[in-house]
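Undergrad: I'll drop the sequence and a predicted model, then ask my questions.
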Amino acid sequence: MAEAAIAIQNYMDLNDEDCQARALKAKESLGSKLVILGHHYQREEVIRFADYSGDSLKLSRQAAASDAKYIIFCGVHFMAEVADILSRPEQVVVLPDLAAGCSMADMADLAKVERAWKELGRIIDTQKVIPVTYINSAANLKAFCGRHGGIVCTSSNAQAVLSWAFERGEKVLFFPDQHLGRNTAYKMGISLEEMAVWNFLRPRGGLTPEKICDARIILWQGYCSVHQMFQPEHIDRFLERYPDAKIISHPENSFEVCQKSHYVGSTEYIIKTITESPPNTRWLVGTELNLVNRLHERFKHEGKSIHFMSPTVCMCSTMFRTDPQHLAWSLENLAQDNVVNQIKVPEKDAELARLTLDRMLEIS
């Protein structure tokens, strides 16, 4: 019989070293019953416990394919939801800190999107609009796309997904990240004039009926707070100092930053490109600080110089919420068969969200 759950307050005054020792002991006691997932943006003292590291979809699929009963996702809320959607019924998904959300995902909640859909329906035929949500979104928005013939995308497959959507509709409503939508659509030959930005704080998105009718893709006015920090001037100043350097950026960056970059792609693409680059090359990287620091340490023996694009420190504050204290708390409770912070998507939403994920996986 499980003992009473241990309170998180018992861990908050522990130093990282003690927490790491206790977390390791609890992890070892759970053995094959447990798998720990660590997103690329996690801090070093947490990701060292990960059995798998990578992007959110890849991690969720690896966990679902494992024999583990417990899945601890060191990431943010929407990632744990995807893991729950894709996992088997007997598997349990845990998020060490429920406050680890995503500011971008929070910019598009179900109420705002449903209101936008109704307002669009007063001007255009929404039967001809395909909703596309970035995987960085809540499960109920993935379910919304499932109800309306839509789909999910990642930063790796956004172009293939948008091509799929335009084969089935005249317009796309893309949320929550405007930058991924804009950068991908422009790469596909859609002009900026054919794009409209939906301001979810204003009636009818702040758009005229004419602009809505003319737009091929309607971009939700959401963004990543980390990637929003990077500016074209950062690239200009760096190239003045190091003219032979290469610039690589995530597509969540602004259009202007991506246009000035030599390479643009997902986190996995950034890692692969730098990994395969020749020794003694220099890189300016426009993505989260923990990943950039990890790449710097990994490749410095090859003479590669890897720099963070922003002159000021900017990391994902919600990713940073997962600390050794919360991880140790989660693990020691699981070691006593106490499930804390379980993430469970309602079955109706899970079924529709799974449909959109399946559509995406079929075309990727």
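TA: The structure has been received and is ready for your questions.

Undergrad: Where do the strands of the stretch 101-250 of the chain begin and end?
TA: 129-134, 151-153, 171-175, 195-198, 217-220, 246-249 (DSSP state E, counting those that start in this stretch).

Undergrad: centroid residue for the protein?
TA: residue 136 (4.4 Å; C-alpha atoms, centre = their mean).

Undergrad: what's the distance between that one and residue 162?
TA: 16 Å (C-beta to C-beta, to the nearest Å). (Glycine included, C-beta is placed from N, CA and C.)

Undergrad: Residue 281 too?
TA: 32 Å.

Undergrad: With neighbour numbers in mind, choose between these two.
TA: The neighbour comparison of residue 281 against residue 162 (other C-beta atoms under 10 Å) goes to residue 162, with 23 against 16.

Undergrad: just checking, that one touches residue 173?
TA: No. The criterion here is C-beta atoms under 8 Å, and residue 162 misses it with residue 173 at 11.6 Å.

Undergrad: Need the residues touching each of those two.
TA: residue 132 (C-beta atoms under 8 Å, 6 or more residues apart in numbering).

Undergrad: Give the rounded mean pLDDT of the lengthiest helix in the chain.
TA: For the chain, the longest helix by residue count, based on DSSP state H, is helix 347-363. Mean pLDDT, helix 347-363: 96.

Undergrad: Pull out the buried positions in the strand or helix carrying residue 296.
TA: Counting by DSSP states H and E, the element that carries residue 296 is helix 289-299. By neighbour count with 16 or more other C-beta atoms under 10 Å, helix 289-299 contains the buried residues 289, 290, 291, 292, 294, 295, 296, 299.

Undergrad: For the closest residue to residue 96 other than its chain neighbours, the count of nearby residues, please.
TA: Leaving aside its sequence neighbours, residue 96 sits nearest to residue 326 (C-beta to C-beta, 6 or more residues apart in numbering; 3.9 Å). Neighbourhood size, residue 326 [other C-beta under 10 Å]: 26.

Undergrad: From residue 257, how far out is residue 326?
TA: From residue 326 to residue 257 the distance is 33 Å (C-beta to C-beta).

Undergrad: Over to residue 218?
TA: If you go by C-beta to C-beta, the gap between residue 218 and residue 257 works out to 22 Å.

Undergrad: And residue 75, by the same measure?
TA: Distance from residue 75 to residue 257, by C-beta to C-beta: 24 Å.

Undergrad: the more surrounded of these two?
TA: residue 75 (29 against 26).

Undergrad: Now for that one: which residues touch it?
TA: 37, 38, 39, 41, 42, 56, 59, 95, 100, 319, 322.

Undergrad: my guess is the residue nearest to the centre of the chain meets residue 106, correct?
TA: No. Taking contacts as C-beta under 8 Å, residue 136 lies outside contact range of residue 106: 10.2 Å.

Undergrad: one step back: show me what contacts the residue nearest to residue 96?
TA: 8, 11, 96, 97.

Undergrad: With residue 255 instead?
TA: By C-beta under 8 Å, 6+ apart, the neighbours of residue 255 are 179, 182, 183, 186, 192.

Undergrad: swap in residue 74?
TA: 36, 37, 38, 39, 42, 46, 47, 49, 50, 96, 322, 327.

Undergrad: Try it again at 6 Å.
TA: 38, 42, 46, 322 (C-beta atoms under 6 Å, 6 or more residues apart in numbering).

Undergrad: Output the residues you listed in TSV; the columns should cover neighbour count and secondary structure.
TA: Formatted as TSV, those follow (neighbours: other C-beta atoms under 10 Å; DSSP: H, G, I helix; E, B strand; the rest coil):
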residue	neighbour count	secondary structure
38	24	strand
42	27	coil
46	26	helix
322	27	coil
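
Undergrad: out of these, what pair is the most spread apart?
TA: By the measure C-beta to C-beta, 38 and 322 form the most distant pair in the contacts of residue 74, at 8.9 Å.

Undergrad: so can I have TSV of the strands of the stretch 101-250 of the chain showing mean pLDDT and mean neighbour count?
TA: Shown next, in TSV, are the strands of the stretch 101-250 of the chain (pLDDT from 0 to 100; neighbours: other C-beta atoms under 10 Å):
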stretch	mean pLDDT	mean neighbour count
strand 129-134	98	26
strand 151-153	98	27
strand 171-175	98	27
strand 195-198	98	22
strand 217-220	98	24
strand 246-249	98	22
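
Undergrad: Turn these into a markdown table, columns for distance to residue 358.
TA: A markdown table is the format used below for the strands of the stretch 101-250 of the chain (distance: least, C-beta to C-beta, whole Å):
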| stretch | distance to residue 358 |
| --- | --- |
| strand 129-134 | 14 |
| strand 151-153 | 9 |
| strand 171-175 | 19 |
| strand 195-198 | 27 |
| strand 217-220 | 23 |
| strand 246-249 | 30 |
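
Undergrad: ok now stretch 136-152, how far from the chain's centre?
TA: Relative to its parent chain, stretch 136-152 has a centroid offset of 15 Å by C-alpha atoms, centre = their mean, to the nearest Å.
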